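Student: Structure for this input, please:
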Amino acid sequence: MSLIRPFAGLRPLPERAAEVTAPPYDVLNTQEAREQAKDRPWSFLHISKPEIDLASDISPYDPAVYAKGSENLQHQIAEGVLQQDPIPYYYLYRLIMGSHQQIGLVAAASVPDYDTNRIRKHEFTRPDKEDDRVRQIDALNAQTGPVFLTYKHHADIDSLVTELTQAEPTVDVTAQDGVQHSLWVVDNPENIKMITQTFDAMDNLYIADGHHRSAAASRVAAKRHAENPSHTGDEAYNYFLTVIFPDNQMQILDYNRVVTDLNGLNEAEFLAQVEQGFKVEKMESAYKPQQAAEFGMYLGNQWYKLSIAVDNIPNDPVKSLDVSLLADNLIAPVLNITDPRRDKRIDFVGGIRGLQELEKRVNSGEMKAAFALFPTSLDALMAVADAEQVMPPKSTWFEPKLADGLVSHLL
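Tutor: Prediction:
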């Protein structure tokens, strides 16, 4: 089996793409999805979040929801809004957000290579979220949410991508949030062969986002393998839908923290304890960290700069992460929040919302303090994955997000 391979994608007709493409299923809650899909009968949200077409009190995990998603997918196929390509292709997918641009390869990636960690992970998954994706894939008989992968950039791939994207894209859609999504079909057999062979020579791919989707694809593949006495390894279920971006084009934003209380301390007592682990400086305005091991803290209408001496940073791929430094030196020992995955006293704010969102959450009285972090680097993510370790929860926020509906992988 090759590391990646082309596939016959299920895609909207180019003239219908703007009606179909939608934000990824996990960035909208049900109510937000209802609003976005209102008066948009062909929105992919009817497939990715089909509870929006059922009673408002239904659980998104109800079996009727998965059945409705399958029904909606088949309806779009029957109406010719979605069509499957006649033979396997690769696709190039460009995202433009403001001045940032990145171009990735849409491909089917090997489940066995995921299982053996050649496609490397850096996060734990939650069983309930995995179960949801397994049921969704089984019901649709398709993978509709691509896994976001990255690789160490390669000059030959860069050159080919530059050449192929000189042509007009097959699809060019600007989403409601202003992000531009463009798609090219790679149909030349020589180009397809070159891409397959070049990636197959790579040591590793890395999951940036989509750990639950990839884990679910692995579980579905194992189940179907067990149920198929004629299994050959070539079946579509042995591969999962991905978009693979070069590491030098990726954009990771900060992933910030807000807390509901100071663990019984007043502000003066809290600051005194913070000073035991950090250098603390008052700032005249909102402070966005400029480098690793620096933090902004908003408390009592005042911004502070927190910093840790280089000598106090552990030589460990996980413990040296800024999210770990903040957790190990402040969140856990001072605030007694030791399980941020489950503790309701802490919440997380993606950097796309800006520092003003941190101020807003604290000034409203909802939260007591906020912490701004420097973005985790992709090198740090790869170092954790290469060490076969996992990052703390909410360590990375990738932007821009991939759209659902541009290309799906039928099983």
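
Student: Quickly note the distance from residue 321 to residue 387.
Tutor: 12 Å (C-beta to C-beta, to the nearest Å). C-beta here means a position set from N, CA and C on the backbone, and glycine is covered the same way.

Student: what do you get for residue 281?
Tutor: In terms of C-beta to C-beta, residue 281 sits 33 Å off from residue 387.

Student: check contacts around the residue lying closest to residue 334 once chain neighbours are set aside.
Tutor: Nearest residue to residue 334, sequence neighbours excluded (C-beta to C-beta, 6 or more residues apart in numbering): residue 273, at 4.7 Å. Listed by C-beta atoms under 8 Å, 6 or more residues apart in numbering, the contact set of residue 273 reads 265, 333-334.

Student: Buried ones among the residues you listed?
Tutor: Those of those that meet the buried threshold are 265, 334, by 16 or more other C-beta atoms under 10 Å.

Student: that older thread, which SS state does the residue nearest to residue 334 fall under?
Tutor: helix (DSSP: H, G, I helix; E, B strand; the rest coil).

Student: care to break this structure down by domain?
Tutor: 4-251+399-410, 255-374 (automatic domain parsing).

Student: Mind putting those into a markdown table with distance to residue 383 and mean pLDDT?
Tutor: Below are the domains of the chain laid out as a markdown table (distance: least, C-beta to C-beta, whole Å; pLDDT from 0 to 100):
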| stretch | distance to residue 383 | mean pLDDT |
| --- | --- | --- |
| domain 4-251+399-410 | 9 | 96 |
| domain 255-374 | 4 | 96 |
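
Student: Tell me which of these lies nearest to residue 392.
Tutor: The closest of the domains of the chain to residue 392 is domain 255-374. By C-beta to C-beta, the value is 4.9 Å.

Student: Need the distance between the two termini of that closest one.
Tutor: 8 Å (C-alpha to C-alpha, to the nearest Å).

Student: Tell me how far that domain lies from the chain's centre.
Tutor: On the basis of C-alpha atoms, centre = their mean, to the nearest Å, domain 255-374 sits 23 Å off its chain's mean C-alpha point.

Student: Please apply the same query to stretch 66-75.
Tutor: With C-alpha atoms, centre = their mean, you get 24 Å for stretch 66-75.

Student: The stretch 301-411 of the chain: strands as residue ranges?
Tutor: Per DSSP state E, counting those that start in this stretch, the stretch 301-411 of the chain carries strands over the ranges 302-307, 346-350, 369-373, 397-398, 409-410.

Student: Sheet-wise, list the partners of the longest one with their directions.
Tutor: If I follow you right, that is strand 302-307. Strand 302-307 pairs in its sheet with strand 279-283 (antiparallel), strand 294-299 (antiparallel), by DSSP bridges.

Student: List the contacts of that strand.
Tutor: By C-beta under 8 Å, 6+ apart, strand 302-307 touches 274, 278-287, 289, 293-298, 330.

Student: go on, the second one?
Tutor: Under the criterion C-beta under 8 Å, 6+ apart, residues 253, 255-260, 331, 335, 337, 340, 357-358, 361, 367, 370, 393-394, 397, 399 lie in contact with strand 346-350.

Student: Can you list the buried residues in it?
Tutor: 346-347, 349-350.

Student: what would those look like in CSV with distance to residue 95?
Tutor: As requested, the buried residues of strand 346-350 are exported to CSV (distance: C-beta to C-beta, whole Å):
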residue, distance to residue 95
346, 30
347, 27
349, 22
350, 16
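
Student: out of these, which one sits closest to residue 212?
Tutor: residue 350 (17.6 Å).

Student: got the CA positions of stretch 14-23 in PDB?
Tutor: Taking Å, rounded to 0.1, in the frame of the first residue of the first chain, the C-alpha atoms of stretch 14-23 are listed here in PDB:
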ATOM      1  CA  PRO A  14     -18.600  24.000  -9.900                       C
ATOM      2  CA  GLU A  15     -21.600  26.200 -10.400                       C
ATOM      3  CA  ARG A  16     -23.200  24.800  -7.200                       C
ATOM      4  CA  ALA A  17     -20.100  24.800  -5.000                       C
ATOM      5  CA  ALA A  18     -20.900  28.200  -3.300                       C
ATOM      6  CA  GLU A  19     -24.300  26.700  -2.300                       C
ATOM      7  CA  VAL A  20     -22.800  23.500  -0.900                       C
ATOM      8  CA  THR A  21     -19.500  24.300   0.900                       C
ATOM      9  CA  ALA A  22     -19.900  24.900   4.700                       C
ATOM     10  CA  PRO A  23     -17.700  25.400   7.800                       C
END
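
Student: Okay, buried residues for it please.
Tutor: 16-23.

Student: In helices, which of those residues appear?
Tutor: 17-20 (DSSP state H).

Student: Residue 155: which of those is nearest?
Tutor: residue 17 (31.3 Å).

Student: could you list every residue that touches the closest one?
Tutor: Residue 17 neighbours (C-beta under 8 Å, 6+ apart): 11, 171, 173, 183, 405-406.

Student: In contact with the nearest residue to residue 177 once chain neighbours are set aside, which residues?
Tutor: Spatial nearest neighbour of residue 177, excluding adjacent residues (C-beta to C-beta, 6+ apart): residue 23 at 7.8 Å. If a contact means C-beta under 8 Å, 6+ apart, then residue 23 has 36, 45, 175, 177, 401, 403-404 as its contacts.

Student: Just send those residues back as a markdown table, with neighbour count too.
Tutor: Below are the contacts of residue 23 laid out as a markdown table (neighbours: other C-beta atoms under 10 Å):
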| residue | neighbour count |
| --- | --- |
| 36 | 17 |
| 45 | 29 |
| 175 | 17 |
| 177 | 11 |
| 401 | 20 |
| 403 | 23 |
| 404 | 24 |
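
Student: which one of those residues is nearest residue 97?
Tutor: Looking across the contacts of residue 23 and measuring by C-beta to C-beta, the closest to residue 97 is residue 177, at 8.3 Å.
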